[in-house]
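Novice: Attaching a predicted model along with its sequence, questions to come.
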Amino acid sequence: MATKDKMAKEAPEEERNPLLEAVRKVLLASVGAVALAQEEVEDFVNKLVERGEIAEKDGRTLVRDMMEKRKKQTARAEEELDQRIEELLHRMNVPTKGDIEALSAKITELTKKVDELKRS
């Protein structure tokens with residue numbers, strides 16, 4: 001019985017799309033890198049403050065400015081990634097959510113027309 005449970009848990013992992021898994025791994029790695037970079041910046045600025053090379057207020061401002069810049073860069077990277085994934089899916093002829101919703105609306109409309117014709 002334990003063997004069946006183990007096999008059931010492994011099956012979904014095997015069925016995952018390799019492309020999506022690769023993208024997922026890259027995104028997780030980038031999140032980790034961003035978190036690490038933020039910690040390094042804060043540590044560096046704290047050391048400068050401790051040594052008296054910059055004022056604490058200036059240090060907080062520097063960290064805040066760097067984090068804002070990072071957020072803007074991250075937003076740009078996300079937009080570019082979204083655009084590239086959309087282009088890739090388009091090249092692979094994978095329908096988008098909008099395509100599926102449009103088809104669903106057309107099917108609903110046609111179903112209504114067929115029902116009206118049946119009643120006539």
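Specialist: Structure received.
Novice: which residue ranges form the helices in the chain?
Specialist: 2-15, 18-51, 56-91, 97-119 (DSSP state H).
Novice: export the ones you listed to JSON lines and tack on mean neighbour count and mean pLDDT?
Specialist: Any C-beta I mention is one placed from the backbone N, CA and C, and that applies to glycine too. Shown next, in JSON lines, are those (neighbours: other CB atoms under 10 Å; pLDDT from 0 to 100):
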{"stretch": "helix 2-15", "mean neighbour count": "8", "mean pLDDT": "45"}
{"stretch": "helix 18-51", "mean neighbour count": "12", "mean pLDDT": "79"}
{"stretch": "helix 56-91", "mean neighbour count": "12", "mean pLDDT": "84"}
{"stretch": "helix 97-119", "mean neighbour count": "9", "mean pLDDT": "94"}
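Novice: mind checking how far stretch 98-117 is from the chain centre?
Specialist: A distance of 32 Å separates the centroid of the chain from that of stretch 98-117, by CA atoms, centre = their mean, to the nearest Å.
Novice: contacts for it?
Specialist: By CB atoms under 8 Å, 6 or more residues apart in numbering, the residues outside stretch 98-117 that reach it are Pro95.
Novice: No further queries at this time; thank you.
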